[in-house]
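Enquirer: Build me a structure from this.
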Amino acid sequence: MKKFVLKTEDPLLRPQDYSIPYQDILNSRQLEAVFFDNGAALVIAGAGTGKTRTLVHRVARLVERGINPAQILLLTFTRRAAKEMINRASSILDDRCRQVKGGTFHYYCSQILHRYAEDLGFPTNFTIIDTSDALEIIHHVRTLLNLHEKKKRFPNKNTLLNMISTTKNKNLDMRVVVGELYPQFMGQIDSIEKVQEEYEKYKATNFVMDFDDLLIKTRELLSGNESVRLKVAAEHQFVMVDEYQDTNKLQAELTQLFSSVHQNVMAVGDDAQSIYSFRGADHQNIMEFPNLFPGTKIIKLEENYRSTPQILDAANFLINQANFRFDKQLFSKKEDSDKPALVKSGSEHEQSRFVAQAVLQLREQETELNDIAVLFRNGRDSFNLEIELNKKNIPFVKYGGQKFTEAAHIKDVLAHVRVLVNPMDTIAWNRVLMLIEGIGPKTAQELFEWIRLAGNPYALDASESVSKKYMDQVKALSKMLLRIKEMEFSVSETIENIVSYYRVFCEKRYDDYPKRLKDLEVFSNIASSFSSLPSMLEELALDPISSTVVTTEQKQHEEAPLVLSTIHSAKGLEWKHVFIIQCLDGIIPSAYSVENEEQLDEELRLLYVATTRAKQMLYYSYPAISQNAYGDYFTKPSRFIDDIGEEVAEPWLLIHENELPDREDLKHLAG
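Expert: Okay, the predicted model is just below:
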């Protein structure tokens, strides 16, 4: 019998068959991940092991293999990360990679929901509200239900929103959430559930969604409508999820739904860097991935390209204490360095003096200040150090702070944009109308009831609710909104018109209005990059701009500043020298975590993340005596480093200069 061999229409090429020299660029584990094709894979990527490089080259390799780039879905922790990865893939291959679908879960879900909004009973022009808008709705609902007048303490709007968000992100009943996290409010559970119910009704009535809704409603759409699920999932021949350790239960379910047709899914992350449980991230997601996707291949990236072997010895020492982890050992081929320093100071002030003087010494040795970071568990842990740095005129920047789009003056302008896009957006109208002197919540509500039924919602001066005392201001608002609607301005022209109208309110409300007006000038320039008002609102809600003139002007220095940062804000970053201060029991780990094994593990992972930010030298620092409201007390070093041996970390002794004998060798001494 003769045989005829049919060639496969989708040949699996070998590394040497591609134009990109993958074997020269990647190590063996990275290569294994890049050339993984069909089925499920979990890439455990230790800190500094080239996770992004691996994802970028996998995207390029799949495209070069002939996969339609529009059928590759790359989900990342931030939209910026997705853009950077797609740009890098394009630079090493070609522009076909720019067709890859990339973004956060929230961003991608918003795209799906706009396509299928009507299947959920929403118009396609629904708007997305941010956290402060959600808090306003909660406050409004709480007031309508007269819960603000309760004699017994009732949760404030922030706590209520956290409760509601936790029920969604962790897929739990409200009674479970309150019972476990807020037991002091269990006696008022019925009222809390009523707030939740009315909050959901309010959003549905006004055609708005909060961030959690984007995930919830996408899951509802895909799991409840088989034809839509098949259509959406069929578009994803390959699904990749970055930073999988930071996903919540909902995102794990969505990953399964997105990949439910082709079953080709790769999650990349590090269980040892799961530190965002307060945002709803579930460490168990990455541990349970092989169970969620049977037959999962586990690939471990363990060669670190960032830190010296001595820093990695400390990192491995820490993470080996974890109760819930994948076994891995980071290693490095970089040159040896000094062992990490273990610095015990007499007091918090002495700790600050040590850090400040060590930083100055490093600068004298030609280390740039912005190559040095001081990390800490909580923002307040650096207050004493900040005073010392100011005394010594050491410029510094502290990571964190208000987002640009969360600033009051920016939100005021965006509220005007939101009513132009969605005239049924109550919260936006409330903000717009209450800028006008004389209009309070009651009048704003009456005006909105008129708007809801009006033929032209922007002709506000036609409403009988408008009093003569503020008629002129209402006419000015109407004139501005109607003009924008009639003239079909560009996005930047629209913002310029709103800013021109808003300027008088800004000058009346804020003592620092010149800085805020500068922000609005910047915002007008930023607006020119958007194609439409709806897309601008969506992108700013999903990916807020970081800083404002108000918050950054005082931080501009001739010299690039020293970095102070909470550990949470430092994740993903790196510096040559890293100081970790306040390494005390009760701080890291937090006093609230010591009775809970899972929470204690997360605190350990926090210290691991801080440790792995260092490239050349690492310093663990803690004071022997600290202070609280009752006075001085003796401290205990963090249990995570209490047993660290001298083979891993070298103790440093702080000696005051006036205590030294003449000509003492000053190596490793600071005072």
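Enquirer: Can you tell me how far residue 280 is from residue 137?
Expert: Residue 280 sits 20 Å away from residue 137, taking C-beta to C-beta, to the nearest Å as the criterion. In short, each C-beta sits where N, CA and C put it, glycine included.
Enquirer: quick one: contacts for the closest residue to residue 261 other than its chain neighbours?
Expert: Take residue 261 and drop its neighbours on the chain: the residue closest to it by C-beta to C-beta, 6 or more residues apart in numbering is residue 233, 4.0 Å away. For residue 233, the set of contacting residues under the criterion of C-beta atoms under 8 Å, 6 or more residues apart in numbering consists of 222, 257, 258, 259, 260, 261, 262.
Enquirer: let's see it at 7 Å
Expert: By C-beta atoms under 7 Å, 6 or more residues apart in numbering, the contact list for residue 233 reads 257, 258, 259, 260, 261.
Enquirer: who wins for most neighbours among those residues?
Expert: Each of those was scored by neighbour count (other C-beta atoms under 10 Å); the top score is that of residue 258, with 25 neighbours.
Enquirer: Can you find the helix or strand of this protein with the lowest average pLDDT?
Expert: With mean pLDDT, DSSP states H and E as the measure, the helix or strand of the chain carrying the lowest mean pLDDT is helix 549-552 (a mean of 52).
Enquirer: partner strands of the following helix or strand past that helix, parallel or antiparallel?
Expert: Proceeding C-terminally, helix 549-552 gives way to strand 562-566 as the next helix or strand, assigned by DSSP states H and E. Strand 562-566 has the following sheet partners, assigned by DSSP bridges: strand 372-376 (parallel), strand 396-398 (parallel).
Enquirer: Just send those strands back as TSV, with mean pLDDT too.
Expert: Listed next are these as TSV, based on pLDDT from 0 to 100:
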stretch	mean pLDDT
strand 372-376	96
strand 396-398	88
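Enquirer: which of these is buried the deepest?
Expert: For the strands paired with strand 562-566, average neighbour numbers computed from mean count of other C-beta atoms under 10 Å are highest in strand 372-376, which has a mean of 26.
Enquirer: just checking, next helix/strand downstream of that strand?
Expert: helix 383-391.
Enquirer: Which strands or helices does that next one pack on?
Expert: On a contact count with 3 or more C-beta pairs under 7 Å, 6 or more residues apart in numbering; DSSP states H and E, helix 383-391 meets helix 348-364.
Enquirer: So for stretch 126-141, mean pLDDT?
Expert: This predicted structure assigns stretch 126-141 an average pLDDT of 90.
Enquirer: what sits up against it?
Expert: Here stretch 126-141 makes contact (C-beta under 7 Å, 6+ apart) with 110, 117, 157-158, 160-161, 195, 198-199, 202, 207-210, 406, 411, 418, 421-422, 425, 427, 537-538, 541.
Enquirer: Would you mind listing which of those residues are buried?
Expert: Among the contacts of stretch 126-141, the ones that count as buried by 16 or more other C-beta atoms under 10 Å are 110, 117, 157, 160-161, 195, 198-199, 202, 207-210, 411, 418, 421-422, 425, 427, 537-538, 541.
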